[in-house]
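> Structure for this input, please:
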Amino acid sequence: MTRHVTFMTIDDAEHYTPQQRAAIISAYPAHEREARAKGIPVLGSGRIFPVAEELIACEPFRLPRYWPRLGALDFGWDHPSAAVELAWDTETDVVYVTKACRASQQTPAMQALTLKPWGEWLPWAWPRDGRRETLEGAGVALARQYAAHGLNMLTSHAQFADGSVSVEAGLMEMLDRMQSGRFKVFSTLLPWFEEFRLYHRRDGQVVKLRDDLMAATRYGVMMLREAVVDPAEFKAVRRKAGQSDPLGAFR
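Now for the predicted structure:
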């Protein structure tokens, strides 16, 4: 027996005019609007990121070559492993989630095959449990297994600049960016938004269920200072013969 969940929003109620729909939504309390108008459930003691999706979603676009980028991993087996790519517009301090993938029961070798096309130069942030030895890796720490398969793993696990690893501090950094317009996600990343909608607390504690992409994103935000520009992008920019190059750039 299979089950299927269909979400219907107020936008599917075509017997209302756009003006009527807007009036109905505005009549709800702000914290209830997504649940009542879009069917996004309110779970436990509340969503971790009480932010409307339209405030963070953006259409995909070609990334400027000078934006630093960073990959971030959350390890898993029965619960999925997850990976995201972050791009950082340093001029406006806006972080973009541009890629996301999630898969269960995949070895580091299989995941590396998926992730290396994102760029073998791309640095990867990873959590503290990447230092643990695993039976599947014959006693080799997970982070080293990924590095052995060609991913450019950072030398230390995800942490803030002062060495702290607070989950709550990471979540608050993400929420602050969302609320201030400094965090965007490509609208095509449906699994990311699926987790975003359901990410919640119970009795004040974060519920660690289907939170893999959220965790990977948090590690990336914590290690944003390690983001780098694709070196190949600069190598591809070369001056034409006879063209002046007073700054000596891009050689």
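
> Could you use CA atoms for every contact and neighbour count after this?
Fine.

> Check the gap between Ala72 and His15 for me.
Counting by C-alpha to C-alpha, to the nearest Å, the separation of Ala72 from His15 is 45 Å.

> who's more crowded, the two?
Neighbours per residue (other C-alpha atoms under 10 Å) separate Ala72 from His15, with Ala72 holding more: 30 against 9.

> Look at the more buried one and tell me its secondary structure.
Using DSSP: H, G, I helix; E, B strand; the rest coil, the structure places Ala72 in strand.

> let's number from 644 now, not from 1
With 644 as the first residue, the last one maps to Ala715.

> so it makes contact with Leu765?
No - under the criterion of C-alpha atoms under 8 Å, Ala715 makes no contact with Leu765, lying 9.8 Å away.

> Tell me the helix or strand right after the helix or strand bottoming out on mean pLDDT in the chain.
Within the chain, confidence by mean pLDDT, DSSP states H and E is lowest for helix 676-681 among all helices and strands, at a mean of 56. Downstream of helix 676-681, the first helix or strand assigned by DSSP states H and E is strand 689-690.

> Would you mind listing the buried residues in stretch 725-745?
In terms of neighbour count (16 or more other C-alpha atoms under 10 Å), stretch 725-745 has its buried residues at 725-732, 737-745.

> show me where the chain has strands.
Remark: strands assigned in the chain by DSSP state E are 689-690, 700-701, 712-717, 724-732, 737-746, 766-768, 795-796, 826-829, 843-845, 848-849.

> Mind checking those for the one nearest to Trp835?
Evaluated over these, closeness to Trp835 peaks at strand 737-746, with 6.9 Å, by C-alpha to C-alpha.

> what does that closest one rub up against?
Outside strand 737-746, the residues within contact range by C-alpha atoms under 8 Å, 6 or more residues apart in numbering are 703, 723-732, 820, 824-829, 832, 834-835, 855-856, 860.

> what lines up beside it in the sheet?
For strand 737-746, the pairing partners within the sheet under DSSP bridges are strand 724-732 (antiparallel), strand 826-829 (parallel).

> JSON lines for the ones you listed, including distance to Thr652 and mean pLDDT?
Shown next, in JSON lines, are those (distance: least, C-alpha to C-alpha, whole Å; pLDDT from 0 to 100):
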{"stretch": "strand 724-732", "distance to Thr652": "28", "mean pLDDT": "97"}
{"stretch": "strand 826-829", "distance to Thr652": "21", "mean pLDDT": "98"}
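
> okay if I get the ones you listed as TSV plus distance to Gln754?
Output for these, formatted as TSV (distance: least, C-alpha to C-alpha, whole Å):
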stretch	distance to Gln754
strand 724-732	9
strand 826-829	22
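
> Can you say which of the strands of the chain is nearest to Glu876?
In terms of C-alpha to C-alpha, the element of these nearest to Glu876 is strand 712-717, at 12.2 Å.

> And the contacts of the closest one?
Strand 712-717 has contacts (C-alpha under 8 Å, 6+ apart) with 724-731, 765-770, 855-856, 858-860, 862-863, 867, 869-873.

> at 6 Å what do you get?
The contact list for strand 712-717 (C-alpha atoms under 6 Å, 6 or more residues apart in numbering) reads 724-730, 766-769, 859, 863, 870-871.

> so how far is it off the chain centroid?
Centroid displacement of strand 712-717 relative to its chain, using C-alpha atoms, centre = their mean, to the nearest Å, is 8 Å.

> now do stretch 718-732
The chain centroid and the centroid of stretch 718-732 are separated by 7 Å, computed with C-alpha atoms, centre = their mean.

> Endpoints of it, how far apart?
Start-to-end span of stretch 718-732 (C-alpha to C-alpha) is 27 Å.
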